[in-house]
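Visitor: quick one: sequence plus predicted model below, questions after.
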Amino acid sequence: MADKPEEPERGDLEPTDDKPSFRPSPLEVDTTLSIAVDLPPTPPKEIPEDEAAVAIDDVPVNPGFVESPTDPTTTSVAIVASRLVTAPTPTQSEAGRGETAALPGADTHAEAFGQSRRDRLRGEHSPQPEPAAMLTADRLLEVNRKTRPGPEGPWQRFVYNVTFRTVNLGDSAKVRARKELDHRIQKQFEGGTRFVPVLTRKGGVGKTTVTTLLGMALADAREDRIIAIDANPDRGTLSERVPKQTRATVRDVVHKGASIGGFTDFSALVSRDETRLDILASDTDPMLSEAFDENDYNVVADLSARFYSIVLTDCGTGIVHSVMRATLQRADSLVIVSGGSVDEARLASETLTWLEANGYTDLVRNAVVALNTATHATNLVKLEEIESHFRSRVREIVRIPYDPQLAAGSVVSWKDLKPLTKLSARALAALVVEGLPAERA
């Protein structure tokens, strides 16, 4: 019997009409396609030398490993919460002229409120009560062509006027330096009067001259009241440096102290110059000069503290006098005057030594030395060596140059002084003010 032809399996070719056909099995279809490509090996990454110098090696870290159970693995850091210092509201009874207190130098309120003000949005109220000094022109006025002040300086002013006030180049470098110095001198104080004695152990070195220059520089730049008291028990000459408007002295202030009820009564006993510096003269009668003692000075100082923000004291050469003790007890800063000769510099340094030995070390470190270069033999010594010596003991040194008006020993006119003399006096005033505490309970 003939064998029955086998049926073709799925996937085999079946001739149909002499044309082969292919029917793949659904289970045998390979739906993936693999392509193998041989690529060259990746070259190693080249690290620049500057990165390799600071690179940190990759070291595996085992979080469960502790090198020594006794060694601490963590460090505790104390977190101290910051607090905002609330500055008291300024008063005019102690630091004003009866007019408007100085606002440009309100460094105290800037420290207490300035940072929080910058952090707040416009119009957002402060969590702390703001003092009146915070209402400054910089904060309230929009900067535009109408509110922005015109520039100072010949070229800057010319461009400003030619362009019909549309191009403002700003102030010149000289004007900016002057305004910056004004801002330092105009530092505002809170909490009472500041006392600054001007002293030295040797006469004739320009102590009264330095007191006059310092007082004029302060009064010319500040808006509050400045007074210089001649506390020299041996007939001082401070009142002769300004036009005399009264014959009253410290003795009259002591006698009339109980009847002085306001600034009008006190102002009748002082002389005022063009810069609005008030001068209180010392006793002119040599028979009564020694009667001015510690108690008398305290009466004068207490009355002055009612009306003035800064009190300068032109001290005598008697450093062990009772007036000197009362003066140093009230002092917030010191100005030591030294001449340009060997013996004058040595006596000024001995003054610092005496102060340190008697418990005034902090005053010495905060003191400013005024080096008067108009004294005799200044051109024969090395002023740099004198300055180097005092820099190791005090905070700052300022040179006072020679000026014919000062050398005359007569009335001093601030506007007629040489520019270098006025600049030195203003620099001395700025350094003295920076050393005074801004706040005091």
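Guide: Sure, I can see it.

Visitor: poorly predicted segments of this structure, please.
Guide: Across the chain, the ranges flagged by pLDDT under 70 are 1-34, 37-39, 42-45, 47-123, 138, 143-148, 286-291, 320, 377, 441.

Visitor: would you map the helices across the stretch 151-300 of the chain?
Guide: For the stretch 151-300 of the chain, the helices defined by DSSP state H, counting those that start in this stretch cover 154-162, 173-185, 207-221, 250-255, 263-267, 294-307.

Visitor: may I have the fourth one as CSV, with CA atoms only?
Guide: The reference is to helix 250-255. Listed next in CSV are the C-alpha coordinates belonging to helix 250-255 (Å, rounded to 0.1, in the frame of the first residue of the first chain):
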residue,chain,number,x,y,z
VAL,A,250,33.4,130.2,86.4
ARG,A,251,33.2,132.0,89.8
ASP,A,252,30.0,133.8,88.7
VAL,A,253,28.5,130.5,87.6
VAL,A,254,29.2,129.0,91.0
HIS,A,255,27.6,132.0,92.8
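
Visitor: so which bits of it are buried?
Guide: Within helix 250-255, the residues that qualify as buried by neighbour count (16 or more other CB atoms under 10 Å) are Val250, Arg251, Asp252, Val253, Val254. Where you see a C-beta, it was placed from the backbone N, CA and C, and this is true even at glycine.

Visitor: could you do the fifth one as well?
Guide: Going by neighbour count (16+ other CB under 10 Å), the buried part of helix 263-267 is Phe263, Phe266, Ser267.

Visitor: the closest residue to the last one other than its chain neighbours: how many residues sit nearby?
Guide: Beyond its immediate neighbours in the sequence, the residue positioned closest to Ser267 (CB to CB, 6 or more residues apart in numbering) is Asp278, lying 7.3 Å away. Neighbours of Asp278 under the rule other CB atoms under 10 Å: 24.

Visitor: shouldn't Asp278 be in contact with Phe263?
Guide: No - assessed by CB atoms under 8 Å, Asp278 is found out of contact with Phe263, at 10.1 Å.

Visitor: can you map out the strands along the stretch 201-350 of the chain?
Guide: Secondary structure of the stretch 201-350 of the chain (DSSP state E, counting those that start in this stretch): strands located at 226-230, 271-272, 277-280, 310-314, 335-338.

Visitor: the ones you listed: which one's closest to Thr353?
Guide: Closest to Thr353 of the strands of the stretch 201-350 of the chain is strand 335-338 (CB to CB; 11.4 Å).

Visitor: quick check: closest non-adjacent residue to Arg225.
Guide: Excluding the flanking residues, the one nearest Arg225 by CB to CB, 6+ apart is Tyr308, at 4.4 Å.

Visitor: show me the contacts for the residue nearest to Ser267.
Guide: Applying CB atoms under 8 Å, 6 or more residues apart in numbering, one finds that Asp278 lies in contact with Arg225, Ile226, Ile227, Ala228, Ser267, Val270, Ser271, Arg272, Tyr308.

Visitor: one more time with 6 Å
Guide: Taking CB atoms under 6 Å, 6 or more residues apart in numbering, we find Asp278 in contact with Ile227, Val270, Arg272.

Visitor: just grab the bridge partners of the residue lying closest to the second one once chain neighbours are set aside for me.
Guide: This means Val270. When the adjacent residues along the chain are set aside, Val270 lies closest to Asp278, with 4.3 Å between them (CB to CB, 6+ apart). Using DSSP bridges, the beta-bridge partners of Asp278 come out as Ile227, Arg272.

Visitor: cool, thanks, talk later.
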